[in-house]
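Undergrad: Got a predicted structure here, sequence first:
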Amino acid sequence: DIFCRSLPKIELHAHLNGSLSEKTLRKLGCLDESILEYHKLLNIINKTDRTLDECFELFKIAQTATSSKNSVYLATQSVIEEFAQDNVIYLELRTTPRAENDMTKQEYIESVLKGIKDSKSDIIVKLILSIDRRHDKVCSEDSLDVIVKMREEYPGIIKGIDLSGNPYVGGFDECLFSKAREHGLRTTIHCAEIPNDNEVQQILNFHPERIGHATSIHPDFGGSKENWQLYCKAKIPAEFCLTSNVVCGTSKCYAEHHIQQWMKNDLPFSINTDDKGVFCTSLSKEYEHVLNNFDLSKADLWNITYNAIDHCFASTEEIILLKKKMAEWKETHA
Ligand code: 5GP
C-alpha cells in the first residue's frame, strides 16, 4: 500500500537481532561463514505453525550472526538503513548486551552505538537495552551496571531498559527495574504475552513508561477483570506487534487482535514490528494489516503514528521536530 509506505512512521519496539533481514544475515554470514546456520533458520521461518518456543530458537540462530564487534556494528547499520528506507523517521532499537568470544557486554553496546552514530540515514535512532528473562540475578545485575555506566556516557542515545525473552522462563525483578529507574533510565516491559495475572499485576503496579504486547490483560484474551481495571486506570501505552503475535500463535488472527480493545476504549498504543527479519514484516506492512482488518481511515493511521510520538523516549526538542515533520507531511499529502 503506497499510503502506508509513504507515511512517516515511529517504531518503538524493534529487537536488533530479530530485525536482521535475510540480506543482512547473508552479508554477515559472508564475513564469518562458520557462525550462520542459515538453512536451519530458513526451515523454521518457512513453517507456518510455529510455536512461541520455536520463535525463540530462531533468535538464538540470528544472534550467532552478531558474535563479533564488527558484525554487531554492521548489523546495526543495516537494520537502521532498512527502517529508514521504509520511511521510519524515529526508531527505538532494543538489544540484549552479550559477552561473547572476546567481546564484552560493554563492547557489544559500544558497537551498536557506533553503528547508530555512523548511520547516514535521515532517521533519529535511540537505544533501549534489554534484560533477558532467562538470565539469573547475577547476570542481570551485571548487565544493569554496564548499562548504567554506558548511559552516563551517552545520555542522548541510550534512553531505557527493557525486559524481554521467553515469557515461559524467569520473571519480573522489580528491584532491578527500580534501580534502573533511579539511574534515569526509562522502562518498557514485555507484559502478558501469555496469561500470567500475578506478573501482570506486579508490572502494572510498577508502572513502566510502556509495556510490550499486552496480549492477555483483557478478560476476553485470558486476563483477569481486576488487571484490566488496573490497566484502564494506569493507561500505560502499549506497544503492539500484530504479525509477531499472529505468527507465534498468541493472537488467533489479525482481525481478532487485542488492539481492538484499545481502539474501542480509547487507550494509548503504538504499532511496531518486533522482529521484522524473523517475522518477515516491515512497519508499512504492520500499518497495512491494521488498515485492512479494522474499520480505520488513512487519517486514523496518521493519528496513530502522531500519538506514538508522545510515547517515545526522545528529548522535548526531538519530539517537537517529529511532530512538525508529521504535520508537514499531512499538509502535502492530505
Ligand atoms: P536481541 O536482544 O538479541 O537484539 O534480539 C533478540 C532477542 O529479543 C530475543 O532473544 C528475545 O530475548 C527478545 N525478543 C524478540 N522478540 C521477542 C518477543 O516477541 N517477545 C519477547 N518476550 N522477547 C522477544
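TA: Cool, got the structure.

Undergrad: in this protein, which helix or strand is least confident?
TA: Of all helical and strand segments in the chain, the minimum by mean pLDDT, DSSP states H and E falls on helix 38-46, at a mean of 60.

Undergrad: Contacts only, for the closest residue to Q85 other than its chain neighbours.
TA: With sequence-adjacent residues excluded and distances taken as Cβ to Cβ, 6 or more residues apart in numbering, Q85 is closest to S121, at 7.9 Å. Bear in mind the C-beta positions are built from the backbone N, C-alpha and C, glycine included. Neighbouring residues of S121 by Cβ atoms under 8 Å, 6 or more residues apart in numbering: 80-81, 83-85.

Undergrad: so which of those residues is the most crowded?
TA: Neighbour counts for these (other Cβ atoms under 10 Å) peak at F83, which has 26 neighbours.

Undergrad: wait, isn't R98 in contact with K60?
TA: No - contact criterion Cβ atoms under 8 Å: R98 and K60 do not qualify, at 11.1 Å.

Undergrad: so N17 touches Q63, yeah?
TA: Yes - assessed by Cβ under 8 Å, N17 is found in contact with Q63 at 5.0 Å.

Undergrad: Who has more neighbours out of those two?
TA: Between N17 and Q63, N17 has the larger neighbour count (other Cβ under 10 Å), namely 24 against 18.

Undergrad: could you point out which element follows the least confident helix or strand of the chain?
TA: Next along the chain after helix 38-46, taking DSSP states H and E as the criterion, comes helix 52-64.

Undergrad: Can you pull up the residues of the chain that come close to the ligand?
TA: Proximity of the chain to the ligand (Cβ under 6 Å from any ligand atom) is limited to residues 15-18, 59, 63, 95-96, 130, 132, 164-165, 167, 190, 193, 244, 274-275.

Undergrad: change it to 8 Å
TA: 15-19, 55-56, 59-60, 62-63, 66, 94-96, 98, 130, 132-134, 163-167, 190, 193, 212-213, 241, 244, 248, 274-275, 278 (Cβ under 8 Å from any ligand atom).

Undergrad: Compare R98 and K60 (neighbour count), which wins?
TA: Counted by other Cβ under 10 Å, R98 and K60 do not tie: R98 has more neighbours, with 19 against 11.

Undergrad: Now do the phi/psi pair for that one.
TA: Per-residue torsions, R98: phi -120, psi 140 (degrees, to the nearest 10).

Undergrad: so what's it closest to, chain neighbours aside?
TA: Y108 (5.5 Å).

Undergrad: Run through the residues that contact the one you found.
TA: Going by Cβ under 8 Å, 6+ apart, the list of residues near Y108 reads 69, 72, 95, 97-100.
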